[in-house]
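Visitor: Just a sequence and a predicted model for now, questions to come.
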Amino acid sequence: MTTMSERVSGPVTRQVPKRVAQSVFDGSSLRVVLLVDVHDEAQQEFLEAYEHLCSQVASVPGHVSDQICQSIENPSQWLITSEWESAPPFLAWVNSQEHMEMVRPLRNCVRDTRSLRFHIVRETGVPAPAESGTRRLQSAARIGDGKIRHALTFTVKPGSEQTVAKILADYAPPESRVDDTTRLCRTSLFMHGNRVVRAVEVEGDLPAALRHVARQPQVRAVEEAINPYLEQERDLSDPEAARIFFFTAAVPAVHHVTADDEFPGAARHALYYPARPGRGMEVARLLAEQDEAAANDPECPVVRSTIFQRDDIVVRLVDVQSGLGGDPAHSLGRADSTQAAKLMSLLDGEALGADGPALESGDAARLFKLARMELVTDRRSADV
């Protein structure tokens, strides 16, 4: 009898350090699962909208195949699966305005959706792409800490930064426990110029946690208080307008490195890397390579690092162990000039607040100072 492990198809990906708990950059194939609850009497309309979407998605780079399935128990429940060559091309598409327009007809048919994304680790059977040696699987199961990391970002009107920072720092924290399986563990908020970044750590169901936070009275009051200062107008009383705002504000985590042990006293920092148009994923990949190298360095004081990326926005969130320099520049700013120059060549100097010579210098310490964000608030739930 042939076992599953004997029938793994194609070459596996390169080995990554054990401390890398999450990464979209290992080149392995991606399976995307979309659970959909369709309105009564809308099944045929939904199927027709899906077929039209398929004809468009087929031309998206990195797309391999897709399927749509209808429940044999409840006709309102549907399952859409798709396969991609790797995660980066899928993320580039799913976070685009083009994707939002493509799926609009589908959304008119559904009550609720939930999207899940998985790297393919092992498989039985040998699909055609594997025979050509191009199919890649995740090399090993990764060990995480049970937390989902996510970020939101938006910009405020120039000149309002101090007012917005005060509003965002002074509100009472939301109730951390969502239900028996989900809780909000930590919220960190930073600013760089007029850009705000809010990073959250959640145990359990991320969408449920985000909905829970949005319903908290003190959070709703804060969101209303900062509305006049936002560069992008929003109406949170309109569900569709709110959905579009938070869709465009979402910045998912694409890479996470963590130490084996907990360091409660570690200091949290954030760095902002605005990329040149179309180079955001390249910036995130380069930072991920630096974090992987640092993960193997016993003298590195960074005990956790998460890279968030969407389009041309890249944010790096780092926790630095006290007693080893205490300054993330000790590791984040010590890249050699070649690495720093390569990174700087990918960045938008105007958005970063740097002139041409500063970006061309390859001065890693200079880049660290330009990218560093100001901490507004960092809150842990009481039971973490």
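Guide: Ah, there it is.
Visitor: in the stretch 51-200 of the chain, which spans are strands?
Guide: Taking DSSP state E, counting those that start in this stretch to define them, one finds strands in the stretch 51-200 of the chain at 63-70, 77-84, 110-119, 147-155, 183-192, 195-203.
Visitor: The ones you listed: lowest mean pLDDT?
Guide: Lowest mean pLDDT within the strands of the stretch 51-200 of the chain: strand 110-119, a mean of 90.
Visitor: contacting residues around residue 165?
Guide: Contacts for residue 165 (C-beta atoms under 8 Å, 6 or more residues apart in numbering) come out as 191, 374, 376. Heads up, the C-betas are built off the backbone N, CA and C, glycines and all.
Visitor: In ChimeraX, select just the buried ones from the residues you listed.
Guide: This is the ChimeraX syntax for the buried subset of those, where burial follows 16 or more other C-beta atoms under 10 Å:
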select :191,376
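Visitor: ok so, going back, how about the strands of the stretch 51-200 of the chain, which one is nearest residue 255?
Guide: Proximity to residue 255 (C-beta to C-beta) singles out strand 147-155 among these, at 10.1 Å.
Visitor: ok, back up a step: JSON lines please, covering the strands of the stretch 51-200 of the chain and showing distance to residue 348.
Guide: Rendered in JSON lines, the data for these read as follows (distance: least, C-beta to C-beta, whole Å):
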{"stretch": "strand 63-70", "distance to residue 348": "29"}
{"stretch": "strand 77-84", "distance to residue 348": "28"}
{"stretch": "strand 110-119", "distance to residue 348": "28"}
{"stretch": "strand 147-155", "distance to residue 348": "14"}
{"stretch": "strand 183-192", "distance to residue 348": "12"}
{"stretch": "strand 195-203", "distance to residue 348": "12"}
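Visitor: Of all the ones you listed, which one is nearest residue 230?
Guide: strand 147-155 (6.2 Å).
Visitor: returning to that earlier point: of the contacts of residue 165, closest to residue 160?
Guide: residue 191 (10.9 Å).
Visitor: Provide a list of residues in contact with the closest one.
Guide: The neighbours of residue 191, taking C-beta under 8 Å, 6+ apart as the test, are 161, 164, 165, 197, 373, 374, 376.
Visitor: distance between stretch 302-315 and the chain's centre?
Guide: Centre-to-centre, stretch 302-315 and its host chain are 8 Å apart (C-alpha atoms, centre = their mean, to the nearest Å).
Visitor: go on, stretch 343-352?
Guide: Counting by C-alpha atoms, centre = their mean, stretch 343-352 is centred 21 Å from the centre of its parent chain.
Visitor: Buried residues of stretch 170-190, list them for me.
Guide: Across stretch 170-190, burial judged by 16+ other C-beta under 10 Å covers 173-174, 176-178, 182-190.
Visitor: can you list the weak-confidence ranges in the stretch 251-384 of the chain?
Guide: 260-264, 322-337, 354-362, 383-384 (pLDDT under 70).
Visitor: where along it do the strands fall?
Guide: 267-274, 302-310, 313-320, 374-380.
Visitor: Could you tell me the angle between the shortest one and strand 267-274?
Guide: Right, strand 374-380. When axes from the mean of the first three to the mean of the last three C-alpha atoms, to 10 degrees is applied, the directions of strand 374-380 and strand 267-274 differ by 130 degrees.
Visitor: if we can go back for a sec, out of the strands of the stretch 51-200 of the chain, nearest to residue 281?
Guide: Taking the strands of the stretch 51-200 of the chain one by one with C-beta to C-beta, strand 77-84 is closest: 13.8 Å.
Visitor: Now do the closest one against strand 63-70, angle only.
Guide: Going by the same axes, to 10 degrees, strand 77-84 makes 170 degrees with strand 63-70.
Visitor: which residues are contacting strand 77-84?
Guide: Contacts of strand 77-84 (C-beta under 8 Å, 6+ apart): 29-38, 43, 46, 50, 57, 62-71, 90, 120.
Visitor: For residue 57, which non-adjacent residue is spatially closest?
Guide: Nearest residue to residue 57 in three dimensions, chain neighbours excluded: residue 63, at 5.6 Å (C-beta to C-beta, 6 or more residues apart in numbering).
Visitor: Quick check: the closest residue to residue 246 other than its chain neighbours vs residue 30, distance?
Guide: The shortest distance from residue 246 to any non-neighbouring residue, by C-beta to C-beta, 6+ apart, is to residue 152 (6.9 Å). Taking C-beta to C-beta, to the nearest Å as the measure, residue 152 and residue 30 are separated by 23 Å.
Visitor: the more surrounded of the two?
Guide: residue 30 (22 against 18; other C-beta atoms under 10 Å).
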